[in-house]
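[1] sequence first, predicted model second:
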Amino acid sequence: MRCFQNVIKHLSPSGVFVLEVFVPDLGRFDRGQTVRLVRIGESETQLDVSQIDSVQQVITSQHIHLMEGETHFYPVKLRYAWPAEMDLMARLAGMRLKNRWGDWKRGPFTAQSGKHISVYELSSE
């Protein structure tokens, strides 16, 4: 909400706010967790380990880099928002959805899309 509220303070009357946002793939989680091999080599391995809290809409991950004699952890914790939730935040801030695409070539946004490009403008209401 704060992001949308801040944008509206700086947006010119004919301006737009454009976001590229991922859509979480809930199918990759089994019982709320997933382990994925990113890369494997002769002397290193990279893993992504994640848990999802679908009630709080939070994904907690560790990107793990294993090398001979070394281990590095790169933690990531994020809260995701569904497109309809973003539209509501925009509306509450005084904006409305102008366009939504599934990619930068303006392809359609579908249930299979892994991301969306959303364009918001000031609401005339």
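    Received, thanks.

[2] which SSE is the closest residue to residue 95 other than its chain neighbours in?
    Take residue 95 and drop its neighbours on the chain: the residue closest to it by Cβ to Cβ, 6 or more residues apart in numbering is residue 120, 4.3 Å away. In this view, the C-beta of every residue, glycine as well, is placed from N, C-alpha and C. If you go by DSSP states H and E, residue 120 is part of strand 115-122.

[3] now that strand: buried residues?
    116-118, 120-122 (16 or more other Cβ atoms under 10 Å).

[4] how near is residue 69 to residue 43?
    Separation of residue 69 from residue 43 (Cβ to Cβ, to the nearest Å) stands at 10 Å.

[5] sorry, that was for residue 75
    Separation of residue 75 from residue 43 (Cβ to Cβ): 24 Å.

[6] before we move on, what about residue 1?
    Distance from residue 1 to residue 43, by Cβ to Cβ: 46 Å.

[7] contacts only, for the residue lying closest to residue 39 once chain neighbours are set aside.
    Distances taken as Cβ to Cβ, 6+ apart place residue 46 nearest to residue 39, at 4.5 Å, with adjacent residues excluded. Counting by Cβ atoms under 8 Å, 6 or more residues apart in numbering, residue 46 touches 37-40, 63-66.

[8] element containing residue 46?
    strand 44-53.

[9] what would that strand look like as PDB? C-alpha coordinates only.
    Provided in PDB are the C-alpha atoms of strand 44-53 (Å, rounded to 0.1, in the frame of the first residue of the first chain):
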ATOM      1  CA  GLU A  44      30.200 -27.200  -6.600                       C
ATOM      2  CA  THR A  45      26.500 -27.600  -6.300                       C
ATOM      3  CA  GLN A  46      23.700 -25.000  -6.000                       C
ATOM      4  CA  LEU A  47      20.300 -25.700  -4.400                       C
ATOM      5  CA  ASP A  48      17.200 -23.700  -3.700                       C
ATOM      6  CA  VAL A  49      15.200 -24.800  -0.700                       C
ATOM      7  CA  SER A  50      11.900 -23.100   0.000                       C
ATOM      8  CA  GLN A  51       8.800 -23.200   2.200                       C
ATOM      9  CA  ILE A  52       5.500 -21.500   1.600                       C
ATOM     10  CA  ASP A  53       3.000 -20.200   4.100                       C
END
